[in-house]
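[1] this is the structure alone, sequence omitted:
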């Protein structure tokens, strides 16, 4: 039985990037062997185990044979006779098919180290085409490592293009597509991810409402996202909204049909609905009140915070107006029900009078500015 560190941990170690998780391949062992050593089995379709102490994932070396269409339906063989080379050849990219033994020696049968050095993303074998999810994964890797100068090998790009043309992306579940999108948002280069899919003519299968994307748009979006407060607790929702705010959503149900989380879809719609008001030539107190009411800011101030965090990076006018918007909210939120009750307001009149008082305080603020 031999254990090898594989995949992303080896790749990122060679690139000098932080290692976020460690995955291992075990060669020459059986399920019984692993259980005897105290490993906890967690895999159902194929044996994956958690190390008894580190809890790192250890998978038995395996081969895969495609049965059916899409990214599921693989038949796995995880016999002790499966070699490390057999296991590595089923992986997507050569840079992900490098292993390291317990002494730190690299096992690199498919020349992944050379491709790392040359900054190339290249498929390991033609078996790449059996899993359409790999189209999105490669786009995501291209985005993640764009800052290092990585590009997709021509033959790999052609293979991906052929898969798109064959309709393979249509076999992916919307939940799985979203997972890849969200990972790319977290990596911070969603524009590169989108450029790759656009060049492959794959966007209609991934974000069909996004019909106006081009590389000029990409540069604008990248610049805006780079200005976001990445420490903001809703950074990803802001980034998603900027990425998509010019899209026509009228014919699409993001949450139910495309499985976009409700929080992301809500923040996008908030931006689309309120950005015209923020940019309006009629910048008056009732305009600001309309924004606050549409965002339900009195009960859900986080929606306003996300809108401000997103809109402020769009242009200089939005930046200056979001500052005023925030000050106006701080002024209006000081209005308390007790104030209008003391003036004789009762029942439904309380809210009406509170809104009037809020409007007055916003007006005073705008007059000073």
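    Structure's in. What do you need? Everything quoted here is computed from the prediction, not taken from an experiment.
[2] how about low-confidence regions in the protein?
    43-45, 66-75, 369 (pLDDT under 70).
[3] phi, psi for the most centrally placed residue in it please.
    Nearest to the mean C-alpha position of the chain, by Cα atoms, centre = their mean, lies residue 182 at 1.7 Å. Phi and psi for residue 182, reported as degrees, to the nearest 10, are phi -60, psi -40.
[4] also residue 93?
    phi -120, psi 150.
[5] that one: how many residues sit nearby?
    25 (other Cβ atoms under 10 Å). All C-beta spots, glycine's among them, are computed from the backbone N, C-alpha and C.
[6] please apply the same query to residue 244.
    Residue 244 has 23 nearby residues by other Cβ under 10 Å.
[7] what sits against the residue nearest to the centre of the chain?
    residue 236 (Cβ atoms under 8 Å, 6 or more residues apart in numbering).
[8] roughly how far apart are it and residue 260?
    9 Å (Cβ to Cβ, to the nearest Å).
[9] same question, residue 366
    36 Å.
[10] so which of those two has more stuff around it?
    residue 260 (23 against 17).
[11] give me the element that one is part of.
    For residue 260, there is no helix or strand it lies in under DSSP states H and E.
[12] centre of the chain to the longest helix along the chain, how far?
    Ranked by residue count under DSSP state H, the longest helix found in the chain is helix 349-368. Centroid displacement of helix 349-368 relative to its chain, using Cα atoms, centre = their mean, to the nearest Å, is 40 Å.
[13] kindly report the same for stretch 267-274.
    Relative to where its chain is centred, stretch 267-274 has its mean C-alpha point 19 Å off (Cα atoms, centre = their mean).
[14] quick one: the closest residue to residue 109 other than its chain neighbours from residue 25, how far?
    Nearest residue to residue 109 in three dimensions, chain neighbours excluded: residue 85, at 4.9 Å (Cβ to Cβ, 6 or more residues apart in numbering). To residue 25, residue 85 is 11 Å away according to Cβ to Cβ.
[15] tell me which of these two has more neighbours.
    residue 25 (21 against 14).
[16] parallel or antiparallel, list what pairs with whichever strand or helix holds that one.
    Residue 25 belongs to strand 23-27 when assigned by DSSP H and E. Looking at strand 23-27 with DSSP bridges, its partner strands are strand 2-6 (antiparallel), strand 57-60 (parallel).
[17] would you mark the buried spots in it?
    The neighbour-count check on strand 23-27 (16 or more other Cβ atoms under 10 Å) flags 23, 24, 25, 26, 27 as buried.
[18] right, and the helix or strand after that strand?
    helix 31-36.
[19] count of neighbours near residue 28?
    16.
[20] ok, now which ones touch it?
    1, 2, 61, 80.
[21] again, but for residue 19
    8, 9, 12, 13.
[22] let's see that with 7 Å instead.
    Residue 19 is in contact with 9, 12, 13, counting by Cβ atoms under 7 Å, 6 or more residues apart in numbering.
[23] what do you get for residue 94?
    Per Cβ under 7 Å, 6+ apart, neighbours of residue 94: 110, 111, 112, 115, 122, 124.
[24] what sits closest to it if chain neighbours are left out?
    Per Cβ to Cβ, 6+ apart, closest to residue 94 is residue 112, 3.9 Å.
[25] what of residue 289?
    Excluding the flanking residues, the one nearest residue 289 by Cβ to Cβ, 6+ apart is residue 359, at 5.7 Å.
[26] residue ranges of the helices in the stretch 251-369 of the chain, please?
    262-278, 285-294, 301-311, 316-332, 337-342, 349-368 (DSSP state H, counting those that start in this stretch).
[27] redo the ones you listed as TSV? Include distance to residue 220.
    What follows is the helices of the stretch 251-369 of the chain, written out as TSV (distance: least, Cβ to Cβ, whole Å):
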stretch	distance to residue 220
helix 262-278	15
helix 285-294	23
helix 301-311	14
helix 316-332	13
helix 337-342	44
helix 349-368	30
